[in-house]
Structures are given as C-alpha cells and as structure tokens.
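Q: missing the sequence, but the structure's below:
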Ligand SMILES: Nc1ncnc2c1ncn2[C@@H]1O[C@H](COP(=O)(O)OP(=O)(O)OP(=O)(O)O)[C@@H](O)[C@H]1O
C-alpha cells in the first residue's frame, strides 16, 4: 500500500516543484516491542540521492527501521534525522517522505487517475493560504508520473482492471506525484511474479536515476538488493553487519553470515587446517593459501562460479556429485566431500559429470575467502 504519510505537508519541501531530495539517518536508535528488543543503539545512514537497500533475513528489523524513519513507529531512544535535522518528534505527515508497501492498497472504487492524485487533492483542499497545488498543477504532475511509469491510457481504469505490475506502478505513481524528499519502500515487489519482479526492478532503478531522489528499499531478497542498490546495508538481528557498494559487499564479505547471505547460489564454506607456510588440508580440501594470521583452523569460502578445472594455483576441492541442475548454459553441481560437506560448483558448458562421479575443482587463490573459524570474521586477504 502507499501510506499517506504526508497528507497535509507542512514543509516547503513537499509543496512546490523545488522539492528536494534528502538524506536520512537513525542515530543511537533503540526500538522495543514489549519484552522484545528489535535494535539497540543503531546508527543507520542513508545518503542523499542514494538507492540504499536494507537487506537481511526475516525479522531482523528492516521494516521497523523504515517505519521509524517514516514516523509510523516511535523510537524508545535515539533520533531520526532528515538532512541532519532532528525530526524525531515530527509526525509522519510532516516529514515529507512517501512510503510504498507490498500490498499496494489502491482504493478499489477509484480510477488510476483518482488514486494517483488522491493525496494531492486532499492537500489542495486542506491547505490554508493556497499553498497546495491547484488543479492544473495536479493534472500536470499526474500526467508526468503516469508517463514515467508507462501507465498512459490507463487513467480511467479501476485497480481490478489492472495487472499486478500496473497496480504496483500506480502505487509508485501515487508516491511520486507528492514529490517526497525520499521514497521508503517495504518489499514493494513481493506480490509480483518472478518475471514481473525482474522488469519492475529495472524500472525502479531507472526511476531512481531520473528522479535523483533518495530511495530506501527494504527486502529480504538479496538478488533484488544486489541488482538495484547503489549502497547495500546488511542487517542481522537488529545490527548492521556490513554497509557499502554492493560489489564490495559481494567481493569482501566481512563475515560468514554476509558471505552466505549475499550471492546466489551462496558462497561455499568449509573448515580447513592451515600451516604457517599456508598449506591447506581438510575434508576434501588440499592446496595452499597465503593469509596472514591464518595458521590453525580456519573457515575457507569460495563462490560456486570461481571454481575452475585448470592449473591456476589455489585449493583443490574434491567430492562426489550429488545433484546436477541446468542453469542456462552452465551446470550447477552440488557435490559432497568424503566427510559429507556439500559444496556447489558452477561448471562450464561441456562439463557434464553425472550423479555419483568424483569431481575436483580448483579454487584459484584470488577466489578464496578466509574467515576466523571461531568468530566467523574475515581474515586478511590471501595471496
Ligand atoms: N507491531 C509489532 N508488535 C510486536 N512485535 C513486532 C511488531 N512489529 C514487528 N515486531 C517484531 O519485531 C521484529 C522485527 O520486525 P520487522 O518487521 O522490522 O522485521 P523485518 O526484518 O522487516 O522482517 P520481514 O523481512 O519478515 O518483514 C520481529 O521479531 C517482529 O516480530
């Protein structure tokens, strides 16, 4: 649904064409529901103009962060800042933000046009001193938003006469016409089928580029997160585990949680022993790494796609093929080491090991991640 967090905006940021994008932040934020603490002392920064995606497993507190920023939930402690200004006590409608939720919540009896312009019409009716948009302005903004979201020609349809994607785009148009300082989106694509989700992701990324406004997007789907974010924030159990450019998070996960959570299929992890010289041995593993401070037991990680069968130096992983899946031209093979640890390998076309066959994949040194076996924290880069 599109929450009308800003029915009667009080800030200039919402009213006129000069409305500007803003950065958002939670500072030392604590939120509890009864005996349950969702987060304590949390600092979250959403840079102005960024497409920040807050990603993490179900129940880690993503929606609560979003709702606290929007003013739909009060914090127990800490502050909400918009462009550095403390808005903790400002009601939702005065924050100049627009929310888009997963269930669209369009008014079923209204046409697309009426749904999209609803908040503006309300604003015009209630605003004193003529500060709200006039009719011509409302029509103009509506036409602009409908064109941007490829909804031209559907103005007079009711939600029941729209496809799921068109409904979601109407909800987005409704958020856009209000010229918010930031868009807050809570899993807005989860009710769409896979193909439509893919298309809408592309449209959202394009929309962000065109509008240049801050987007804060919540999802538990890391593929969605990776494909749209300019900045990724990984949350786990109410704590920010890692934040950065999506490719940095993917290439240098700070711990085994992020390593497994970001990337599809997930990173393989295995326990290994390393000598001071860097010789690696373990269940189905042998080779060499160079990782400062890595002597002893470590957790080794590698992505299924980095496995090669050539002679690049690195670590060999041996197992018996358990499952073979066709993924486009490649084969995704799941194999079991002698000790029964599963690992995945994305094999190139032409490599067709059958179930039960023994395979050895070479993980090049550049594709190895080494983590502290006890804490799961990343150790200095090998090689
Ligand atoms: N209104 C509420 N009353 C009580 N507990 C709540 C309320 N809203 C959320 N919680 C709890 O707070 C925790 C965080 O919830 P939140 O919705 O922020 O998680 P999330 O990361 O967005 O999860 P999901 O991906 O499943 O939507 C959960 O344990 C949830 O059960």
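A: Received, thanks. Values in this document were obtained by computation on a predicted structure and should not be read as measured data.
Q: Could you tell me the average pLDDT over the strand or helix carrying residue 322, please?
A: Residue 322 is located in strand 314-327, with elements delineated by DSSP states H and E. Average pLDDT, strand 314-327: 92.
Q: chain center to that strand: distance?
A: From the chain centre to the centre of strand 314-327 is a distance of 29 Å (C-alpha atoms, centre = their mean, to the nearest Å).
Q: helices or strands up against it?
A: strand 268-274, strand 285-288, strand 296-302, strand 330-336, strand 342-347, strand 358-364 (3 or more C-beta pairs under 8 Å, 6 or more residues apart in numbering; DSSP states H and E). For glycine as for every other residue, the C-beta is placed from the backbone atoms N, C-alpha and C.
Q: Nearest to the ligand, out of these?
A: strand 268-274 (23.6 Å; C-beta to the nearest ligand atom).
Q: next one: the helix or strand that that closest one is followed by to chain centre, how far?
A: Next helix or strand after strand 268-274 toward the C-terminus (DSSP H and E): strand 279-282. Offset of strand 279-282 from its chain centre (C-alpha atoms, centre = their mean): 36 Å.
Q: quick one, what contacts the residue in the stretch 201-350 of the chain that the ligand sits nearest to?
A: Nearest to the ligand, among the residues of the stretch 201-350 of the chain, is residue 220, at 4.3 Å (C-beta to the nearest ligand atom). By C-beta atoms under 8 Å, 6 or more residues apart in numbering, the residues touching residue 220 are 55, 56, 57, 58, 62, 187.
Q: tell me the angle of the strand holding residue 322 relative to strand 296-302?
A: Strand 314-327 runs at 40 degrees relative to strand 296-302, counting by axes from the mean of the first three to the mean of the last three C-alpha atoms, to 10 degrees.
Q: list the buried ones in strand 314-327?
A: The neighbour-count check on strand 314-327 (16 or more other C-beta atoms under 10 Å) flags 314, 315, 317, 318, 319, 321, 324 as buried.
Q: Tell me which strands it pairs with, and in which orientation.
A: The strands that strand 314-327 pairs with in its sheet are strand 285-288 (antiparallel), strand 330-336 (antiparallel), strand 358-364 (antiparallel) (by DSSP bridges).
Q: per-domain residue ranges of this protein.
A: The record's domain parsing of the chain by automatic domain parsing lists 2-251, 265-372.
Q: OK, contacts around residue 199?
A: residue 165.
Q: so where do the helices sit in the chain?
A: With DSSP state H, the ranges of helices along the chain come out as 12-15, 62-70, 112-126, 135-148, 164-176, 194-211, 222-228, 246-251, 256-261.
Q: Show the average pLDDT along the first one.
A: By that I understand helix 12-15. On average, helix 12-15 scores 34.
Q: The ligand contacts on the protein?
A: 33, 36, 38, 56, 58, 59, 60, 61, 62, 63, 64, 220 (C-beta under 6 Å from any ligand atom).
Q: Would you mind listing the residues in contact with the fourth one?
A: Residues counted as contacts of residue 56 (C-beta under 8 Å, 6+ apart) are 62, 220, 234, 235, 236, 261.
Q: try the fifth one
A: Neighbour list for residue 58: residue 220 [criterion: C-beta under 8 Å, 6+ apart].
Q: hey, which helix or strand in this protein has the poorest pLDDT?
A: helix 12-15 (a mean of 34; mean pLDDT, DSSP states H and E).
Q: What residues of stretch 89-107 count as buried?
A: 90, 92-102, 104-106.
Q: nope, stretch 30-48 is what I meant
A: 30, 31, 38, 39, 42, 44, 45, 46, 48.
Q: now swap in stretch 243-253 and tell me
A: 243, 244, 246, 249, 250, 253.
Q: Kindly report the same for stretch 193-200.
A: Buried, per 16+ other C-beta under 10 Å, within stretch 193-200: 196, 197, 200.
Q: hang on, the earlier thing: ok, so of the buried residues of strand 314-327, who is nearest residue 165?
A: residue 324 (34.0 Å; C-beta to C-beta).
Q: which intervals of this protein have sub-threshold pLDDT?
A: 1-19, 128-131, 291-294, 308-311, 381-383 (pLDDT under 70).
Q: residues making contact with stretch 61-70?
A: So stretch 61-70 is contacted by 3, 5, 24, 26, 29, 31, 38-39, 42, 44, 46, 54-56, 73-75, 80, 92, 95, 97, 99, 184, 186, 216, 218-220, 235, 237-238 (C-beta under 8 Å, 6+ apart).
Q: just to revisit the earlier point, export the residues of the chain next to the ligand as CSV, with columns for distance to residue 266.
A: What follows is the residues of the chain next to the ligand, written out as CSV (distance: C-beta to C-beta, whole Å):
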residue, distance to residue 266
33, 30
36, 28
38, 26
56, 15
58, 16
59, 19
60, 17
61, 22
62, 19
63, 24
64, 26
220, 14
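Q: about what we covered before: can you flag which of the buried residues of stretch 30-48 belong to strands?
A: 30, 31, 38, 39, 42, 44, 45, 46 (DSSP state E).
Q: how close does the second one get to residue 56?
A: So that's residue 31. Look at residue 31 and residue 56: by C-beta to C-beta, to the nearest Å, they are 15 Å apart.
Q: The fifth one too?
A: For residue 42, the distance to residue 56 (C-beta to C-beta) stands at 12 Å.
Q: any common contacting residues for these two?
A: Joint contacts of residue 42 and residue 56 (C-beta under 8 Å, 6+ apart) do not exist.
Q: Test of understanding: give the bridge partners of residue 347.
A: Legend: beta-bridge partners of residue 347 under DSSP bridges are residue 331.
Q: who touches it in this structure?
A: Applying C-beta under 8 Å, 6+ apart, the residues near residue 347 are 307, 330, 331, 332, 333, 353.
Q: could I get these as a markdown table with neighbour count?
A: Formatted as a markdown table, the contacts of residue 347 follow (neighbours: other C-beta atoms under 10 Å):
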| residue | neighbour count |
| --- | --- |
| 307 | 25 |
| 330 | 16 |
| 331 | 19 |
| 332 | 17 |
| 333 | 25 |
| 353 | 16 |
